[in-house]
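3D, please:
(chains A, B, C and D)
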There are 2 protein chains.
Amino acid sequence: MVRQGGRGGRSVTRRDVAERAGVSAAVVSYTLNGGAPVAPETAQRVLKAVAELGYRPNQAARALRSGSTRTLAFLTVDADDAIFTNPIFAEYVHAVQRAAASRGYALYTASTPGGGRARTMQELREFASRQVDGVVLLASSEQQLDPAELDAVGVPWVLVNTEEAPGGGNSIGADLFGGATVAMGHLVEHGYSSIGFVGDAPRSEPRRRAWREVCAEHGVEASPLFDVDFTREGGRQAALELADLSSPPRAVFVVSDRTALGVLRGLHECGVRVPEDVAVISFDGSWESAYAWPGLTSVRQPIEEMAAAAVDRLISPPEEASHQVFPVELIVRESCGAHA
Amino acid sequence: MVRQGGRGGRSVTRRDVAERAGVSAAVVSYTLNGGAPVAPETAQRVLKAVAELGYRPNQAARALRSGSTRTLAFLTVDADDAIFTNPIFAEYVHAVQRAAASRGYALYTASTPGGGRARTMQELREFASRQVDGVVLLASSEQQLDPAELDAVGVPWVLVNTEEAPGGGNSIGADLFGGATVAMGHLVEHGYSSIGFVGDAPRSEPRRRAWREVCAEHGVEASPLFDVDFTREGGRQAALELADLSSPPRAVFVVSDRTALGVLRGLHECGVRVPEDVAVISFDGSWESAYAWPGLTSVRQPIEEMAAAAVDRLISPPEEASHQVFPVELIVRESCGAHA
DNA sequence: TTGAAAGCGCTACCAC
DNA sequence: GTGGTAGCGCTTTCAA
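Numbering: from 1, shown residues only, chains lettered A, B, ... in the order given. The predicted structure follows:
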């Protein structure tokens, strides 16, 4: 029986392959990695021995020697919640994992809810000592990381889900202002005379600005503003407050799908109809939004593309660090009352 | 400036620490790993040098030498969808990651939707060559893995989210039959005279059996059976069919939250009221189920506990491989019509 | 209590 | 084209 990498039996090494193929250990490497030309029939023999023995190069040794583990890490910066509770974050991890895999990299994932910034730095150092080739940092709170401090760890990093970072560095984010402007334009176009906003203050800045500006431009009342947690429960609380108002807004712009799902839930609880009584429009365009009731109109972030770009930045770092903005797309469903 | 593990500057090694502390390299190891007693003031000096230099042991070297990477991997077996589209799977990954982290292990995650069983084996071997200490396999389809084939790879493994595996091996799963029996009992108790079933045939066996048996026992009509995809859309399709029936069932048991979310959506689309017209009860007790509308009554799987058990099995393998069953718990919300 | 040194499995350099 | 070998950074044995 073939043994390999197990705890029990000694695993098969390059030496065993060399012996069986009747060549030196070096030739095994050459055959497998193309480090030097190998005679066809020699290669043949080596490959045969590899197959027969079930040989797989020990990646720890390779990493030690070559300095690269062909591994990336995904870290959530100071998550306040388990990552999967935000559907768009879950999508992000998955997209990064796929992008890494398609380029031959494995992916570590880590996320310690409520860890704070110090914890993030500690995890980053932990992965540095594991010799990862790069780290994708998912910004998830207002917590600011210090690019200089990150650089000092010595591992390439890229920050995703963020606005342009103040201190420089590689970062990637969707066009929040542009997307919010389009969403608000959509609402205004359909004649809603008052539009509220649900979001958490520090985190929702460019979107909130778009809300105000579009309203001002079209003489629409920008109110009320619900400053609530970036969670389902936060959204639900906003909805309960809204339902209690003597003159509720005709529509609300919600800062994320996760929060919007809570808004929908709260509105249903109170018997407020969507979109007949209050129209809802949201941000992220996550999978969940499609199967909400009613289907959530939402601004879709191009997660796949952003994840791929993040991975590429780590694997082939650009000359100059920069912030990259990705365009978003409005997906119209039923919740905004403008569906065909 | 401190450099460490980076691409550019040479990283600081144990040698540097030894020199600075005026000791041999061995003593640095002793101090850090407790391999031998070290004089207090020597240790003091070493620790100081470590801090000043920002030294972190190279894990690739440690792995090569010691044979353990302190790393686990999480693999989805032949996933048909991106893992995050099933809330309970997303919760699983997260729980395993947390359990691993709390024991000092990092976690690789990988999932190739639609890869099939051959792909799973390939990924397993890939992780074996990365010298992981164990692999958590999440069963997600009827695909059967061959325990002997798994063992041949030489890496400790444990299969989660499964029934007792036919060929032996370590596996972990919730008490599906027991949970379904309790859920059905709850429905029956509240007087529903006909109860339908939504699930996909091969995957939902013990739950379906519970449905039939409880109905038979109490003279309740067990029909119709909707054999649909294990997805939101599958659930939605079942709901559309149901709404079209001349005499729809008074309640349905749905095999998972993900599917149930689709059922809810489809029922809403057709104007069928839940629970007034049709009561819905589901399985998994995922986070999402709490914020559905109406809140989903669901059988909660103890994900945290199962994930922790899986990790423990890998880190300290039991003498004898076995299947471990975990108890479940009914969480009553609004969708079953029995909420207070 | 400390130090010297072997060697984990691999890549890549240099000699043939 | 092929083989010998140094050495990546670490743990651990053995001797001092």
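
please count neighbours and contacts with C-alpha atoms only from this point.
Noted.

the longest helix seen in chain A near chain B at all?
Ranked by residue count and defined by DSSP state H, the top helix of chain A is helix A:87-102. Yes - looking at helix A:87-102 against chain B by CA under 8 Å from any CA of the partner chain, the contacts come from A:87, A:90-91, A:94, A:97-98.

which other helices and strands contact that helix?
strand A:71-77, strand A:106-110, helix A:257-269, helix A:287-290, helix A:303-315, strand B:106-110 (3 or more CA pairs under 8 Å, 6 or more residues apart in numbering or on different chains; DSSP states H and E).

get me the contact residues on the stretch 51-200 of chain A for chain B.
For the stretch 51-200 of chain A, the residues in contact with chain B (CA under 8 Å from any CA) are A:56-61, A:63-64, A:82-85, A:87, A:90-91, A:94, A:97-98, A:106-112, A:128-131, A:152-156.

so how do I select the buried members of the residues you listed in ChimeraX?
Here is the ChimeraX command that selects the buried residues among these (16 or more other CA atoms under 10 Å in any protein chain shown):
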select /A:56,57,58,59,60,61,63,64,82,83,84,85,87,90,91,94,97,98,106,107,108,109,110,111,112,128,129,130,131,153,154,155,156
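
okay, now the unreliable bits of the stretch 1-150 of chain A?
A:1-10 (pLDDT under 70).

please, where are all the helices along it?
All helices of the stretch 1-150 of chain A, identified by DSSP state H, counting those that start in this stretch, fall at A:14-21, A:25-33, A:40-53, A:59-66, A:87-102, A:116-129, A:147-153.

now these as JSON lines including distance to B:Trp293?
Compiled in JSON lines, the helices of the stretch 1-150 of chain A are given as follows (distance: least, CA to CA, whole Å):
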{"stretch": "helix A:14-21", "distance to B:Trp293": "59"}
{"stretch": "helix A:25-33", "distance to B:Trp293": "56"}
{"stretch": "helix A:40-53", "distance to B:Trp293": "55"}
{"stretch": "helix A:59-66", "distance to B:Trp293": "49"}
{"stretch": "helix A:87-102", "distance to B:Trp293": "17"}
{"stretch": "helix A:116-129", "distance to B:Trp293": "33"}
{"stretch": "helix A:147-153", "distance to B:Trp293": "43"}
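
A:Trp211 contacts A:Gly179, doesn't it?
No - the pair A:Trp211 / A:Gly179 is not scored as a contact, 10.5 Å apart, by CA atoms under 8 Å.

nearest residue to the most centrally placed residue in chain A other than its sequence neighbours?
Taking CA atoms, centre = their mean as the criterion, A:Tyr92 is the residue nearest the geometric centre of chain A, at 2.9 Å. Sequence neighbours aside, A:Ile303 is the residue nearest to A:Tyr92 in space, at 6.2 Å (criterion: CA to CA, 6 or more residues apart in numbering or on different chains).

and the one you found, how far from A:Phe326?
9 Å (CA to CA, to the nearest Å).

between these two, who's got more neighbours?
The neighbour count for A:Ile303 versus A:Phe326, taken as other CA atoms under 10 Å in any protein chain shown, is higher for A:Ile303 (25 against 15).

so which of the helices of the stretch 1-150 of chain A is the most surrounded?
Among the helices of the stretch 1-150 of chain A, ranked by average contacts under mean count of other CA atoms under 10 Å in any protein chain shown, first place goes to helix A:87-102 (a mean of 22).

just the angle for it relative to strand B:106-110, thanks.
Angle between the axes of helix A:87-102 and strand B:106-110 is 80 degrees (criterion: axes from the mean of the first three to the mean of the last three CA atoms, to 10 degrees).

picking up where we left off before, can you redo the helices of the stretch 1-150 of chain A as JSON lines with distance to DNA strand C?
Converted to JSON lines, the helices of the stretch 1-150 of chain A look like this (distance: least, CA to the nearest atom of the strand, whole Å):
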{"stretch": "helix A:14-21", "distance to DNA strand C": "3"}
{"stretch": "helix A:25-33", "distance to DNA strand C": "4"}
{"stretch": "helix A:40-53", "distance to DNA strand C": "11"}
{"stretch": "helix A:59-66", "distance to DNA strand C": "4"}
{"stretch": "helix A:87-102", "distance to DNA strand C": "19"}
{"stretch": "helix A:116-129", "distance to DNA strand C": "16"}
{"stretch": "helix A:147-153", "distance to DNA strand C": "24"}
